[in-house]
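In: This is the structure alone, sequence omitted:
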């Protein structure tokens, strides 16, 4: 394929490869990496395409004055204009300016909605709500209370919808009136937003949607009254207190869910309910046909999925698509698009091994695979219906990379739209004529560009040349990617960072970094930020850094991923040992000095390795680990392990607790006591078993820190702690 790259861009790629090497003199320090902004990559904040128009908006902040500006870029004219700045966001009655945390430009493009950002895994709008009129140049604070969440414009730009006290409301921008649409919200009834488990494990934040014609709102209703309440202990006061949350653990009660649709004008409310009680509804969609809602349902085991269409005007319901499997069905990878011809649907599925693209009709009777089932589709970016082109992200057989690609509806022609080394993410304009692209590699921090549908780069927003220049002053060894075959013939991808001035005649210790969880990847050609630079720092101190993607990880097909079903920990440890055997064959590896570290699922595998594969690892660092899957949430755990009652041996074998007596090397357990994801209970349970077995170990608890262990110098302290442990013991 002929790739259209501008000379400027090509020159940048060449320069960035030249910059990184072993010519630098400096060594990285933990303080510079974790306690300064010296190595921060620049980014384009809150970049968003305008609705139905090929213009890109983004937030820009002056580093000196701290003035914030929303910039509007026109790719056809290649012009920029200031749409609004914080100098314009002035409440006259209070004589105060409003800072920009989150914004949304109305579909009519005459107003901007400003909200706060609430703590969540992904962007969750909420807090105080302001409206700026671009015509009248006036800012107004709405009468909506400050505890609102999931705030957005209606498609016609006349209404703002939001959730307050677990009920759904609308605010009419013309009449400036508020209307409540649901009334049963409470501490246990959630309308329009989700419980902790749905947000965490189905990657959804916003629990309601306007219909395209603005006549209805569809929403999730979750009843979590049966879900046990737990206490996250706080030690920040004289008598200390706790944060209460409802958390469904494996085998326990889960939230009951149904979908509601409310008529905005009349307030009439209808519910779509299933006869089964313990189900999940991870996705809903308004289709391209009037008054029709699509509902995606999973059984509790997540092995059966159905797509149901609900015509809310006549309340008719029908199933047009379903899947049933002996392993889990991965909703994270599932996408669906209802085409404007009102006859065809495009969706993705792993049912034939790789994640593929399919086209089917609204009756579900005609289905055709578009992609070849020879490589894994990572995700669909957009669909150009006019030209019958699908844009998507894939490594096209290389799991370490990700490219922006395209394919026609017939599946006869596919290629890379832009052939840039590394990992690419893309956001399309409304008609797929332009793509906002973020790309990076292990040898180059992120660059942010704009490309057209011909693959031509028309604008470079950020190239991070200053950071590249700074990094060129340091000793830096580019991460290398390779693959090897296991003793049973499986191919595994891995990465290695060698020390600067590497000498094959010397012996080096190895630190294995792992995550290992189902569908994950760490052997990827992508810029890894501060943790990657910390690995570079350890390489400067003489350590080889090794990572691999074991069986169970992503982008290698369904069979490779789902082999871990009901046996978490088994293949992860097996393949880590295969990695150690591979390392031992290298004459420059000191096989008596191999250590392992990981966080979350990687913390689990690190602890398991130290108790199950104790002859291979001298030290292990386990940060925020699961130690027994009975302690973790139902959606995630049962997806991969089934119910405890249905798989008692699998749960027993996967537990670290019953292997504590086998610990041989030096283990460091680290946890935040306010972790609402992987609870401190996990580490405390392992501590108890290690004490029973009279096994010595190291332990660090970070007070008031959650799963990320960040804030108040916690991250700096954590990595200094880990570094000292590695240097003193490996």
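Out: Alright, I've got the coordinates. In this text the structure is predicted, and so the values were computed from the model without any measurement. Numbering: from 1, shown residues only.

In: so who does residue 37 touch?
Out: By Cβ atoms under 8 Å, 6 or more residues apart in numbering, residue 37 lies in contact with nothing. Just so you know, the C-beta spots here come from the backbone N, C-alpha and C atoms, and that holds for glycine as well.

In: Under the pLDDT cut-off, which ranges of the chain? List them.
Out: Within the chain, the stretches with pLDDT under 70 are 1-22, 93-95.

In: Now do the SS call for residue 380.
Out: Three-state assignment for residue 380 (DSSP: H, G, I helix; E, B strand; the rest coil): strand.

In: tally of neighbours for it?
Out: 20 (other Cβ atoms under 10 Å).

In: Repeat that for residue 271.
Out: A count of neighbours around residue 271, defined by other Cβ under 10 Å, yields 10.

In: Give the helix, strand or coil label for it.
Out: strand.

In: mind listing what it touches?
Out: Here residue 271 is in contact with 221, 258-261 (Cβ under 8 Å, 6+ apart).

In: go with 10 Å
Out: 221, 258-262 (Cβ atoms under 10 Å, 6 or more residues apart in numbering).

In: just those residues now: which is nearest residue 96?
Out: Minimum distance to residue 96 across these is 36.1 Å, recorded for residue 262 (Cβ to Cβ).

In: So that closest one lies in a helix, does it not?
Out: No - assessed with three-state DSSP, residue 262 is strand; it does not lie in a helix.

In: And it, how far from residue 218?
Out: 8 Å (Cβ to Cβ, to the nearest Å).

In: joint contacts of the two?
Out: The contact lists of residue 262 and residue 218 share 208, 270, where a contact means Cβ under 10 Å, 6+ apart.

In: These two: who's more crowded?
Out: Using other Cβ under 10 Å, the more surrounded residue of residue 262 and residue 218 is residue 218, with 24 against 21.

In: Surely that one is within a strand?
Out: Yes - counting by three-state DSSP, residue 218 is found in a strand.

In: right, and it touches residue 191 too?
Out: No - using Cβ atoms under 10 Å, residue 218 is not in contact with residue 191, being 11.4 Å away.

In: can you list residues touching both of these two?
Out: Contacts common to residue 218 and residue 191, judged by Cβ under 10 Å, 6+ apart, are 207-208, 260, 262.

In: Export the residues you listed as CSV, with columns for distance to residue 494.
Out: Output for the shared contacts of residue 218 and residue 191, formatted as CSV (distance: Cβ to Cβ, whole Å):
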residue, distance to residue 494
207, 40
208, 44
260, 48
262, 52
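
In: So which of these is the closest to residue 553?
Out: residue 207 (30.2 Å).

In: For residue 348, name its beta-bridge partners.
Out: residue 357 (DSSP bridges).

In: Report how many residues lie close to it.
Out: Quick note: residue 348 (other Cβ under 10 Å) scores 22 neighbours.

In: any idea how far it is from residue 383?
Out: 12 Å.

In: now residue 627
Out: For residue 627, the distance to residue 383 - Cβ to Cβ - is 44 Å.

In: Looking at those two, which is more packed in?
Out: Neighbour count, other Cβ under 10 Å: between residue 627 and residue 383, residue 627 has more, with 28 against 20.

In: Quick one: residues contacting the more buried one.
Out: Contacts of residue 627 (Cβ under 10 Å, 6+ apart): 603-604, 607-608, 611, 655-657, 659-660, 669, 678, 681-687, 689.

In: If we use 8 Å, what do you get?
Out: 604, 607, 655-657, 682-683, 685-686.

In: cool, and residue 449?
Out: By Cβ under 8 Å, 6+ apart, the neighbours of residue 449 are 9, 437, 439, 457, 459-461.

In: cool, residue 703 as well?
Out: 235-236, 673-674.

In: I'd like to know which of the residues you listed are buried.
Out: 673-674 (16 or more other Cβ atoms under 10 Å).

In: Make a markdown table out of the contacts of residue 703 and add distance to residue 366 and secondary structure.
Out: Formatted as a markdown table, these follow (distance: Cβ to Cβ, whole Å; DSSP: H, G, I helix; E, B strand; the rest coil):
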| residue | distance to residue 366 | secondary structure |
| --- | --- | --- |
| 235 | 61 | coil |
| 236 | 61 | coil |
| 673 | 56 | coil |
| 674 | 52 | coil |
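
In: Pick out whichever of the contacts of residue 703 sits closest to residue 717.
Out: For the contacts of residue 703, the nearest to residue 717 is residue 673 (14.5 Å; Cβ to Cβ).

In: And the strands in the stretch 401-550 of the chain?
Out: Per DSSP state E, counting those that start in this stretch, the stretch 401-550 of the chain carries strands over the ranges 403-408, 414-418, 423-428, 434-441, 444-452, 457-462, 480-485, 491-497, 508-514, 544-549.

In: What is the neighbour count of residue 712?
Out: Count around residue 712 with other Cβ under 10 Å applied: 11.

In: In three-state terms, label it for me.
Out: Going by three-state DSSP: residue 712 is coil.
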